[in-house]
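> I would like to see how this sequence folds:
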Amino acid sequence: MKIFILLVSIFMAISAIRSAAVSGPSNNNTIFLAIITVALGVYGWFYDRFKKMRWLTVTIAAMFVSIVGFSAFLAVYGRRSTADFTEDVVLVLGGGIRQGEIRPTLQMRLDQAVAYHRNNPNALIIVTGGTGYGEIISEGEAMAQYLISHGIPAQQIIVEGEAVSTYTNMTFSREKIDAYFDRPPRAVIITSDFHMFRSARFAYMHGIDASIYPARTPLLGTPFYYVREVAAVIKMWVIGR
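A predicted model of the protein is given here:
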């Protein structure tokens, strides 16, 4: 058991490091993952002492089962599409760039946007994402360039380049929607499967009538993304953002 707990703490440490690289060391999700990492590391290292405290063992086991179970829920929710290809506007959420280059997770979202465009070429596309940690170009700009290079007309794309979180993705996208449409449009959200539940909740909170058209997550990064997303959903429930 001690070895298992230490291995889990190492996994959490890697998740925290990845979160810091993408979102910055002061990001709430990064801090949350770092706290969990330290707690598990201390518990694992001193397991022989702590195992006598049955309540603590039960609490940690329950936490582990809850993370796995909720990750499964996010996966099931995020892999179903409700789009009918008659929506008026497509909201494509940023997923990270590195030195201006599209990362695999974001590329999958953008490829899904290209696929959607083929089925509904009349929909307006809003690409949303600000300038990330250590970047000199906004995600929105990089995303627009990618879509244009894949055949989507530039005049059909609106860039939102200020958002720094999923909540502000929806806040600023709502502003773009209100400025463009004279009536409430039907929207469709395109983001990764692990990210869809929280994105849909924030869209609802901002009064956006949205269906979902999820993109898959790169297999290698799937465990890390889901653990990080569980932390982000907890934050959403606690502070509403």
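> in three-state terms, label N122 for me.
Classification of N122 using DSSP: H, G, I helix; E, B strand; the rest coil returns coil.
> could you pull up phi and psi at it?
Note on N122: backbone dihedrals following degrees, to the nearest 10 are phi -90, psi -10.
> OK, contacts around it?
Residues near N122 by C-beta atoms under 8 Å, 6 or more residues apart in numbering: none. The way it works is simple: take the backbone N, C-alpha and C, and place the C-beta from them, glycine included.
> state the pLDDT value of it.
Per-residue confidence (pLDDT) for N122: 95.
> is I212 in a bridge, and if so with what?
I212 has these beta-bridge partners by DSSP bridges: I189.
> ends of stretch 180-199, how far apart?
Taking C-alpha to C-alpha, to the nearest Å, the first and last residues of stretch 180-199 lie 21 Å apart.
> and it, average pLDDT?
On average, stretch 180-199 scores 96.
> got it, and stretch 160-177?
Stretch 160-177 carries an average pLDDT of 96.
> can I get that stretch in PDB? Just the C-alpha atoms.
What follows is stretch 160-177, C-alpha atoms only, in PDB (Å, rounded to 0.1, in the frame of the first residue of the first chain):
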ATOM      1  CA  GLU A 160     -11.600  36.600 -28.700                       C
ATOM      2  CA  GLY A 161      -8.100  37.000 -27.400                       C
ATOM      3  CA  GLU A 162      -8.500  38.100 -23.700                       C
ATOM      4  CA  ALA A 163      -9.900  35.100 -21.900                       C
ATOM      5  CA  VAL A 164      -7.600  33.400 -19.400                       C
ATOM      6  CA  SER A 165     -10.000  30.800 -18.000                       C
ATOM      7  CA  THR A 166     -13.000  28.700 -19.000                       C
ATOM      8  CA  TYR A 167     -15.300  31.200 -17.200                       C
ATOM      9  CA  THR A 168     -13.900  34.200 -19.100                       C
ATOM     10  CA  ASN A 169     -14.000  32.200 -22.300                       C
ATOM     11  CA  MET A 170     -17.800  32.300 -21.900                       C
ATOM     12  CA  THR A 171     -17.900  35.800 -20.500                       C
ATOM     13  CA  PHE A 172     -16.100  37.400 -23.500                       C
ATOM     14  CA  SER A 173     -17.700  35.000 -26.000                       C
ATOM     15  CA  ARG A 174     -21.100  36.200 -24.800                       C
ATOM     16  CA  GLU A 175     -20.000  39.800 -25.400                       C
ATOM     17  CA  LYS A 176     -19.000  38.800 -29.000                       C
ATOM     18  CA  ILE A 177     -22.300  37.100 -29.500                       C
END
